[in-house]
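Sharing a model that was predicted from the sequence below.
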Amino acid sequence: MISTREVRDIIERGEVIEEYAEDPRGLSCLLYGKTRQGRVLHVVCAPKIDHLVVVTAYVPSLIEWERDYRTRRRGGRGV
């Protein structure tokens with residue numbers, strides 16, 4: 001489970017590691033960050049004029065990501 005507080009932590013303090021200008025949902029981005037408890041999370045969000053849409057939040061896997069959790073492994077799939 002990922003709590004609302006954890007998602008907020010990433011949105012407030014995380015860093016953009018991928019941008020998706022061509023996303024069919026509209027401009028969106030992937031944020032990387034660590035929660036206050038040190039848990040690594042990824043959050044995909046899409047900024048709108050008057051709000052922010054949180055598309056998904058997940059714990060990244062070393063199958064798809066390098067150990068820094070910022071670099072996608074070759075052959076990794078996109079959002």
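Thanks, I have the structure now. Because the structure is a prediction, the values reported are computed rather than measured.

and Gln37, how many neighbours does it have?
Other residues near Gln37 come to 8 when the count uses other CB atoms under 10 Å. Every C-beta, even on glycine, is put in place using the N, C-alpha and C of the backbone.

Look up which helix or strand it falls in, please.
Per DSSP states H and E: Gln37 is located in neither a helix nor a strand.

Cys45 now?
Counting by DSSP H and E, the element that carries Cys45 is strand 40-47.

Quick check: what element follows that strand along the chain?
Of the helices and strands lying after strand 40-47 in sequence (DSSP H and E), the nearest is strand 52-58.

and that following strand with strand 40-47, angle?
Computed by axes from the mean of the first three to the mean of the last three CA atoms, to 10 degrees, the angle separating strand 52-58 from strand 40-47 equals 150 degrees.

Strand 52-58 pairs with which strands, and in what direction?
In the sheet containing strand 52-58, the strands it pairs with under DSSP bridges are strand 40-47 (antiparallel).
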